[in-house]
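1. After the sequence you'll find the predicted model.
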Amino acid sequence: MAGAPRVEHLVTSGTFSLDGGTWEVENNVWLIGDDDEVLVIDAAHDAEAVLAAVGDRQLTAVVCTHAHNDHVNAAADVADRSGAPILLHPEDEVLWKMTYPHRRPDGELADGGLLDVAGVRLLVMHTPGHAPGAVCLYAPNLGALFSGDTLFADGPGATGRSFSDFGTIIASIRDRLLTLPGYTTVHPGHGASTTIAAEAPHLPEWVARGW
């Protein structure tokens, strides 16, 4: 028996670099699957740790919510050693090439696309702002949203660096994410999980502060 589908969580540590700066970061790696197969969201920093979490299950895909180096820097190693494809929205190619100038992702994520693993269907939602090709993955039957760096427990993702835009991320959050059921658990790329209901009332504050 494959067991019930479940969400698994791994925290890895490393650095994020952009615009000439480098910062120490901790990243959330999310795994969705059962005892037989699993999908990885954001293979960050530590391929060994990600592969250990996968174990002897079939890895169906390495999905990148966006291509900042801290979210993709273990993706190639994990993919090469597992045979799984790397999936990325094409509008993040400019960021992807900063980490992998000589390698392309294996497949494209598109708004409205569907990914299936272990009986769980994930809807791809293009949510630009933090990055041009940023996506979130929504699993209705799990009541879960994997938000990358678009939405956190304390507000929207950062937009102060290249290829980001505050107005765009606010529109993505307002029009795409806050329309989901309030009970939806939000699993972000960094930090603690939250819910749509917990974050929705704060949208006017974020707009007023400009972040």
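-> Looks like it came in fine.
2. can you pull out the strands in the protein?
-> Taking DSSP state E, the strands of the chain run over residues 6-18, 21-33, 37-41, 58-63, 86-88, 107-108, 114-117, 120-126, 135-139, 144-148, 151-152, 155-156, 185-188, 194-195.
3. Among the ones you listed, show me which one is buried the most.
-> strand 144-148 (a mean of 27; mean count of other CB atoms under 10 Å). Every residue, glycine included, has its C-beta placed from N, CA and C.
4. Quick one: mean pLDDT for that strand?
-> Mean pLDDT, strand 144-148: 98.
5. repeat for stretch 67-79
-> 98.
6. List the contacts of the closest residue to Ile196 other than its chain neighbours.
-> Of all residues not flanking Ile196 in the chain, Thr184 sits nearest, at 4.5 Å (CB to CB, 6 or more residues apart in numbering). Counting by CB atoms under 8 Å, 6 or more residues apart in numbering, Thr184 touches Tyr138, Gly143, Ala144, Leu145, Thr195, Ile196.
7. Tell me who's in contact with the first one.
-> Meaning Tyr138. Leu122, Leu123, Met125, Ala144, Leu145, Phe146, Leu180, Thr184.
8. can you redo these as CSV with distance to Trp206?
-> Conversion of the contacts of Tyr138 to CSV gives the following (distance: CB to CB, whole Å):
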residue, distance to Trp206
Leu122, 26
Leu123, 24
Met125, 19
Ala144, 22
Leu145, 17
Phe146, 20
Leu180, 17
Thr184, 18
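9. Which single one of those residues is nearest to Asp46?
-> Nearest to Asp46 among the contacts of Tyr138, counting by CB to CB, is Phe146 at 18.8 Å.
10. I'd guessed that closest one sits against Leu39; true?
-> No - judged on CB atoms under 8 Å, Phe146 makes no contact with Leu39 at a distance of 10.0 Å.
11. Pull up the overlap in contacts between these two.
-> Residues touching both Phe146 and Leu39 (CB under 8 Å, 6+ apart): Ile32, Leu122.
12. Pop out the phi and psi values for Gly113.
-> The phi/psi pair for Gly113 (degrees, to the nearest 10) reads phi -70, psi 160.
13. And the pLDDT at it?
-> As predicted, Gly113 sits at a pLDDT of 98.
14. on that earlier part again, out of the contacts of Tyr138, flag the one nearest to Val94.
-> Met125 (20.6 Å).
15. Distance check, the spatially closest residue to the closest one that is not a sequence neighbour against Ala2.
-> Leaving aside its sequence neighbours, Met125 sits nearest to Cys136 (CB to CB, 6+ apart; 4.7 Å). Separation of Cys136 from Ala2 (CB to CB, to the nearest Å): 26 Å.
16. same deal with Leu87?
-> On the measure of CB to CB, Leu87 and Ala2 end up 23 Å apart.
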